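Engineer: with the input below, show me the fold.
(one chain, ligands or ions: 1)
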Amino acid sequence: MKDTSSNSSAKKNAGYKAAEYVEDGMVLGLGTGSTTHFFIEKVGMRIKEEGINVMGIPTSFQSLLIAKQWNIPITTLEEHDIDLSVDGADEVDSDFNLIKGGGAAHTKEKIVDYAADKFIVIVDESKVVDELGNFPVPVEVLPDASRMVIKELEDMGASCEIRMAQRKDGPVITDNGNFVIDAKFDKIESPAHLEIDLNAIPGVVENGIFSQMVDKVIIGTDDGTKEL
Ligand SMILES: O=C[C@H](O)[C@H](O)[C@H](O)COP(=O)(O)O
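Structural biologist: Next up is the predicted model:
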């Protein structure tokens, strides 16, 4: 499990800054993770203090619970399109390619983030890299397919581990009832091609490479933010 306790002031600065882009009447994609937590919190504060009228589409049970805690009205992709999605990342490169899924939420995140008219990524400086690949690529799989998917991933040059749960025996089970394989590639030359190739393996539900659609990256630091 990743460490979510570090860099909390930088994460808070990024999350709070992204909330400035929220406008009255918007439908928001609510990403998952310790950075997005601060975005959802600040949206909740703006609802309370300014009376803005927004709705949220959560990408996980975690973001649903935080949104409920802040009285953010919830809706679904069945009912609304998304004006703005805000989400964290485990790595972001200079072309705005991402690795996501350190919290095993990347499948719903990709559906919501890719559907949004505008997608803002919020990270602290530790997530900014020249090239993706230090962080393993999370691959959500149907449990019955996991051995076959690992064989395919190893043939593609990855070292693989099924992600194990903490405080539960056995693998992490995603919000969708699946396993996550963490696939470490030595080098990711083309994130866009790898994103497509991974999803072509039978049994793969979704992978954590996001190579499309990012409009803005907000990098939180201890004393402010930078925007790319
Ligand atoms: O599955 C989790 C998500 O993709 C997160 O957005 C990502 O892992 C970044 O999380 P954090 O902001 O906690 O580092």
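
Engineer: the ligand contacts on this protein?
Structural biologist: 4, 31-36, 87-90, 100-106, 109 (Cβ under 6 Å from any ligand atom). C-betas here are computed from N, CA, C, even on glycine.

Engineer: and those, which are buried?
Structural biologist: Among the residues of the chain next to the ligand, those that count as buried by neighbour count (16 or more other Cβ atoms under 10 Å) are 31-36, 87-90, 100-106, 109.

Engineer: of the residues you listed, which belong to strands?
Structural biologist: For these, the ones inside strands are residue 87, with DSSP state E as the criterion.

Engineer: now do the SS call for residue 166.
Structural biologist: Here residue 166 takes the coil state, with states given by DSSP: H, G, I helix; E, B strand; the rest coil.

Engineer: touching stretch 164-180 from outside, list them.
Structural biologist: Counting contacts by Cβ atoms under 8 Å, 6 or more residues apart in numbering, the residues outside stretch 164-180 that touch it are 1, 60-61, 101, 104-105, 107-108, 138-143, 146, 162-163, 205.

Engineer: give me that answer again for 10 Å
Structural biologist: Counting by Cβ atoms under 10 Å, 6 or more residues apart in numbering, the neighbours of stretch 164-180 from elsewhere in the structure are 1, 32, 58-62, 64, 101-108, 136, 138-146, 149, 161-163, 181-182, 203-208.

Engineer: show me which of those are buried.
Structural biologist: Judged by neighbour count, with 16+ other Cβ under 10 Å as the criterion, the buried members of those are 32, 58-60, 62, 64, 101-108, 136, 138-142, 145-146, 149, 162-163, 181-182, 203-208.

Engineer: coming back round to it: of the buried ones among the residues of the chain next to the ligand, which belong to helices?
Structural biologist: By the criterion of DSSP state H, membership of those in helices covers 34, 35, 36, 106, 109.

Engineer: for the third one, which non-adjacent residue is closest in space?
Structural biologist: Distances taken as Cβ to Cβ, 6 or more residues apart in numbering place residue 88 nearest to residue 36, at 5.0 Å, with adjacent residues excluded.
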